[in-house]
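1. structure for this input, please:
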Amino acid sequence: MMLYIGPLCDLWPVKRYSYAHKDFVYIDGLPGSKYFRPDQAGWQVSKDKEAMVSCIRDDLRTDNALVSDEELPHDVHVFRLRGGTTLTYYFNRKDHDIPTDPLLKKILPQVTAIYIHGPFQPVLPPLPSLKKCYYTELCSGIEMPETVSTIIIPEVEAYYEDSCYRIRCDYCWKQLERLEVLNGRFVVDFDHVSEEVKGWTNLQDLKLRYCEALPSGSRFWTNLRSLKLETLTAAELSADAAGEWKDLQELVLNSCPMLQRLPRGVSSWKGIQRVEIRSAPLLSALPSEVRAWVDLQKLLLGWCQGIMELPPAVGSWKRLKQISLCDLSLCELPAAVGEWRALVSATISNCKRLVRLPLEVAGWSKLRSFTLSGCDSVLDLSEGVSGWTELQNLQLLRCAALASLPKGVGSWISLRAASIYRCNQLKGLPGGTQKWSALEDLTLSECSSLGTLQAGQPAKGGLACLNVSLRPPTRSQSWESLTRLNLYDIEIDRLPESVERCVRLRSVDVDRCRKLWDLSAGVKGWRNLEQLNITRCEGLRSLPEGVGQWKQLQAISFNMSLSNLVLPKEVGAWVNLENAYFGGLVALPQSADGWTSLKILSINDLEVETLPESAVGAWEKLTTL
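-> Just a heads-up that it's a prediction; the model follows:
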């Protein structure tokens, strides 16, 4: 239960702030609540209280959180929320001393957190369950027990020159564990608090936005575990302080235009597990001291164009599980990356100078997801990829120079999904792909040089979804497990005969195959077809004989793509059809009276004025025409 202390008339559920204080409001399992927002004042009379209650009630109903609410004596209103929680508002009670307020006697023992708004310094009553105290300002002389976590979340809407001096910390919180400032730039002016911050020895979590530099007193933050800085304008972090943060586990630096180097003290961060550095174009390298990061599990380097290489010291990151390298100037990866044997996910994107992966990537034996995107100079993948026997997800996107895949891809026996997009120099897939027995989803899109799929691939029992763009498959001998077929913008006039063997096919989507005029190859085998979409295929004028075998068909759509479309009489066998859309239909046959399950029918540009009466009478379930 949360206890609000401040001008009680200020309580107001405000939605217009993007930062909704999800941390400081937690009412019996209702995280992210916005109903303790003291942002507007002036509610002094009864009619205003009623307006507030009405607004709070509406917001709770919108969030499907309200069960009931009740008006109590003495301007008290209680809202009962889902999950058995309660939210109690006390209106216009500034004349009551909190410790002696009789209405609070039953509530105070349940209070686990208090929220002190503004420069109030109340004498607190005994709070035996108190665990957290939240402040909105940096000046409060309230003493807290050592067991209570202190968190500062300033309420600042705008920055004014004088507020930089007027709102400042004159008190040392020895129990301060977390400081978050997302809007108030005045906090960055540490000149006024250089001595006070020395006392923040229990500070564990620091998050600042618009930070010019950290104060010299930050070296006393010996318990710091998480440091998140956004828009840091300093050339480096405090070198003296960094060496004292021996318990640091998380470092996030975002938008650091002047950052040139990491401090020497990073060798003290032996327990660090997560490092993210974004938008630091002047950062030229990682220091060799990073070899001390033996517990590192996640690394993200993004938009750091000054980084041209990774040091060999990265080989000590033997527990690394996730790495993302984006928009760096790397030409190659060091052989030491082969030591990342715990790596599960790797993403390399927009590294324009990267030519290839080293053979040592064979050490990534636990890798499950790999993405290579926008790396225009990569000519081929290393044969070391043969070691990725647990790979499940592969994405090769916009790699303009990639001409081939190594034979080692045949070892990817666990691969489930592969997407290759705009790799215009890729001429084919190697024969080893026939061993992808676990493959369920294969997307080949806009690869203008890709002309053939190797015979016999993928292995029987694997492929569940195939998306092919621009170039048709010439052979598809083992597509028996195909369940979804998507053909997009490819130059074919008919379907390959092999699709007849796709007996498990349930969904077919054909788009922009402008020369396609014959679907007969697929008719015999598609007995389980449930959905057919044909879009912008101007060459197709009619459905072939045999479509009556599609007795499981539930939805069909010819989306503004056909002119003079003729449906054969066999369509009457579509007894499970529920949704039908036609464009350019010449006529609807009498046999349509077999569509007894039809619920939605949409016809555009019908060239006859009436529908068959027998059919209309049979559509008893029709809800939309």
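
2. any idea how far Cys133 is from Lys270?
-> Shown here: Cys133 relative to Lys270, a distance of 32 Å by CB to CB, to the nearest Å. All C-beta atoms are positioned from the backbone trio N, CA, C, and that covers glycine.

3. neighbour count winner among these two?
-> Taking neighbours as other CB atoms under 10 Å, Cys133 and Lys270 compare with Cys133 leading, 26 against 14.

4. can you give me the strands for the stretch 201-350 of the chain?
-> All strands of the stretch 201-350 of the chain, identified by DSSP state E, counting those that start in this stretch, fall at 205-209, 226-230, 250-254, 274-278, 298-302, 322-326, 345-349.

5. show me which residues of the fifth one are buried.
-> Across strand 298-302, burial judged by 16 or more other CB atoms under 10 Å covers 299-302.

6. please enumerate the helices of the protein.
-> 46-62, 163-166, 239-242, 520-523, 613-618 (DSSP state H).

7. what are the buried residues along the third one?
-> Yep, that's helix 239-242 we're talking about. 241-242.

8. and the helices of the chain, which one is worst for confidence?
-> Note on the helices of the chain: helix 163-166 shows the lowest mean pLDDT, a mean of 33.

9. just for the stretch 501-625 of the chain, where's the confidence low?
-> For the stretch 501-625 of the chain, the stretches with pLDDT under 70 are 560-564, 586, 605-610.

10. domain parsing of the chain, as residue ranges.
-> 2-130, 228-343, 513-625 (automatic domain parsing).

11. mind putting those into CSV with distance to Val385?
-> Listed next are the domains of the chain as CSV, based on distance: least, CB to CB, whole Å:
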stretch, distance to Val385
domain 2-130, 42
domain 228-343, 12
domain 513-625, 33
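
12. mind checking which of the ones you listed is nearest Thr201?
-> domain 228-343 (10.6 Å; CB to CB).

13. and the end-to-end length of the closest one?
-> With CA to CA, to the nearest Å as the measure, the ends of domain 228-343 fall 24 Å from one another.

14. re the thing from before, make a markdown table from the strands of the stretch 201-350 of the chain and add mean pLDDT and distance to Asp489 to it.
-> Shown next, in a markdown table, are the strands of the stretch 201-350 of the chain (pLDDT from 0 to 100; distance: least, CB to CB, whole Å):
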| stretch | mean pLDDT | distance to Asp489 |
| --- | --- | --- |
| strand 205-209 | 77 | 45 |
| strand 226-230 | 88 | 42 |
| strand 250-254 | 94 | 39 |
| strand 274-278 | 96 | 36 |
| strand 298-302 | 97 | 32 |
| strand 322-326 | 97 | 29 |
| strand 345-349 | 97 | 25 |
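
15. between these, which one is nearest to Leu367?
-> Using CB to CB, the nearest of these to Leu367 is strand 345-349, at 6.3 Å.

16. now the closest one and strand 298-302, what's the angle there?
-> 10 degrees (axes from the mean of the first three to the mean of the last three CA atoms, to 10 degrees).

17. who does strand 345-349 pair with, and is each partner parallel or antiparallel?
-> Note on strand 345-349: by DSSP bridges, its sheet partners are strand 322-326 (parallel), strand 369-373 (parallel).

18. okay if I get those strands as CSV plus distance to Lys207 and mean neighbour count?
-> Shown next, in CSV, are the strands paired with strand 345-349 (distance: least, CB to CB, whole Å; neighbours: other CB atoms under 10 Å):
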stretch, distance to Lys207, mean neighbour count
strand 322-326, 21, 19
strand 369-373, 29, 19
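
19. can you list these in a markdown table and add distance to Leu66?
-> Shown next, in a markdown table, are these (distance: least, CB to CB, whole Å):
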| stretch | distance to Leu66 |
| --- | --- |
| strand 322-326 | 40 |
| strand 369-373 | 42 |
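
20. burial of Leu72, as a residue count?
-> Using other CB under 10 Å, Leu72 has 12 neighbouring residues.

21. contacts only, for Val385.
-> Residues near Val385 by CB atoms under 8 Å, 6 or more residues apart in numbering: 357, 361-362, 406, 408-409, 411-412.

22. ok, those vs Ser373, which is closest?
-> Nearest to Ser373 among these: Leu357, at 13.9 Å, using CB to CB.

23. next up, phi/psi of the closest residue to that closest one other than its chain neighbours, please.
-> Take Leu357 and drop its neighbours on the chain: the residue closest to it by CB to CB, 6 or more residues apart in numbering is Ser382, 4.2 Å away. Phi and psi for Ser382, reported as degrees, to the nearest 10, are phi -70, psi 150.

24. any idea how far Pro406 is from Ser382?
-> For Ser382, the distance to Pro406 - CB to CB - is 7 Å.

25. any idea how far Ala242 is from Leu282?
-> For Ala242 relative to Leu282 (CB to CB), the value is 18 Å.

26. for the stretch 151-300 of the chain, which spans come out with low pLDDT?
-> Counting by pLDDT under 70, the stretch 151-300 of the chain contains low-confidence ranges at 151-199, 210-211, 239.

27. can you tell me how far Lys132 is from Glu250?
-> 20 Å.

28. same deal with Ser226?
-> 4 Å.

29. what is the neighbour count of Thr147?
-> The number of residues packed near Thr147 is 8, by other CB under 10 Å.

30. now do the contacts for Gly617.
-> Gly617 neighbours (CB under 8 Å, 6+ apart): Asp593.

31. now swap in Ser365 and tell me
-> 341, 387-390.

32. Ser542 contacts Val566, doesn't it?
-> Yes. Because the distance of 4.4 Å satisfies CB atoms under 8 Å, Ser542 is recorded as touching Val566.

33. overlap in contacts, those two.
-> Shared contacts of Ser542 and Val566 (CB under 8 Å, 6+ apart): none.

34. neighbour count: these two, which is higher?
-> Counted by other CB under 10 Å, Ser542 and Val566 do not tie: Ser542 has more neighbours, with 16 against 12.

35. ok, now which ones touch the more buried one?
-> 565-568.

36. redo that, cut-off 7 Å
-> Going by CB atoms under 7 Å, 6 or more residues apart in numbering, Ser542 touches 565-566.

37. circling back: using a markdown table, lay out the buried residues of strand 298-302 together with distance to Lys599.
-> Output for the buried residues of strand 298-302, formatted as a markdown table (distance: CB to CB, whole Å):
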| residue | distance to Lys599 |
| --- | --- |
| Leu299 | 52 |
| Leu300 | 49 |
| Leu301 | 53 |
| Gly302 | 49 |
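
38. and of those residues, the nearest to Glu332?
-> Using CB to CB, Leu301 comes nearest to Glu332 of these, at 15.3 Å.

39. ok, now which ones touch that closest one?
-> Residues near Leu301 by CB under 7 Å, 6+ apart: 277, 307, 325, 328.

40. at 8 Å what do you get?
-> Leu301 makes contacts with 277, 307, 324-326, 328, as judged by CB under 8 Å, 6+ apart.
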